[in-house]
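Participant: what follows is a predicted structure for the sequence shown.
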Amino acid sequence: MRLDKYLKVSRIIKRRTVANEACDAGRVFVNGKQARASYDVKEGDILELKLGERTIKAEILQVSEVVKKEQAADLYRMIEE
């Protein structure tokens with residue numbers, strides 16, 4: 001699954017266009033490397049997002065195309081916030 005779509009499905013970022021813009025601005029890293037929106041995420045990848053003053057770090061536990069709102073947080077595990 002594409003990184004921008006994963007960020008939206010997991011509800012880390014609410015809209016796919018915003019996720020795409022964050023990737024283009026160089027604020028999203030996967031496994032320590034700057035990632036583009038088209039990056040293919042896999043289970044076990046470590047995401048790092050720099051949103052303003054805040055840095056979010058999470059491990060991808062599951063990749064799923066469709067997820068209910070209540071189950072979105074089960075797709076990842078927060079490492080740091």
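Facilitator: Perfect, I can see it now.
Participant: what score does the residue lying closest to V67 once chain neighbours are set aside have for pLDDT?
Facilitator: In space, and not counting its chain neighbours, V67 is closest to V9: 5.7 Å by CB to CB, 6 or more residues apart in numbering. C-beta here means a position set from N, CA and C on the backbone, and glycine is covered the same way. Predicted confidence (pLDDT) for V9: 94.
Participant: before we move on, what about the one 4 residues further on?
Facilitator: Looking at I13, its pLDDT stands at 92.
Participant: got the contact list for it?
Facilitator: L7, A19, A22, L49 (CB atoms under 8 Å, 6 or more residues apart in numbering).
Participant: cutoff 10 Å now
Facilitator: D4, Y6, L7, A19, N20, E21, A22, C23, V28, L49, L51, I56 (CB atoms under 10 Å, 6 or more residues apart in numbering).
Participant: where does the chain dip in pLDDT?
Facilitator: For the chain, applying pLDDT under 70 flags the ranges 80-81.
Participant: buried ones among the contacts of I13?
Facilitator: Taking 16 or more other CB atoms under 10 Å as the criterion, what is buried in the contacts of I13 is D4, Y6, L7, A19, N20, A22, C23, V28, L49, I56.
Participant: for these, give me a markdown table that also has secondary structure.
Facilitator: Below are these laid out as a markdown table (DSSP: H, G, I helix; E, B strand; the rest coil):
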| residue | secondary structure |
| --- | --- |
| D4 | helix |
| Y6 | helix |
| L7 | helix |
| A19 | helix |
| N20 | helix |
| A22 | helix |
| C23 | helix |
| V28 | strand |
| L49 | strand |
| I56 | strand |
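Participant: just the helices from this protein, written as ranges.
Facilitator: Taking DSSP state H as the criterion, the chain carries its helices at 3-9, 16-24.
Participant: out of the ones you listed, flag the one nearest E65.
Facilitator: helix 3-9 (7.1 Å; CB to CB).
Participant: from the contact counts, what lies against the closest one?
Facilitator: helix 16-24, strand 28-30, strand 46-51 (3 or more CB pairs under 10 Å, 6 or more residues apart in numbering; DSSP states H and E).
Participant: any chance of TSV for those, columns distance to L75?
Facilitator: Shown next, in TSV, are these (distance: least, CB to CB, whole Å):
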stretch	distance to L75
helix 16-24	14
strand 28-30	15
strand 46-51	11
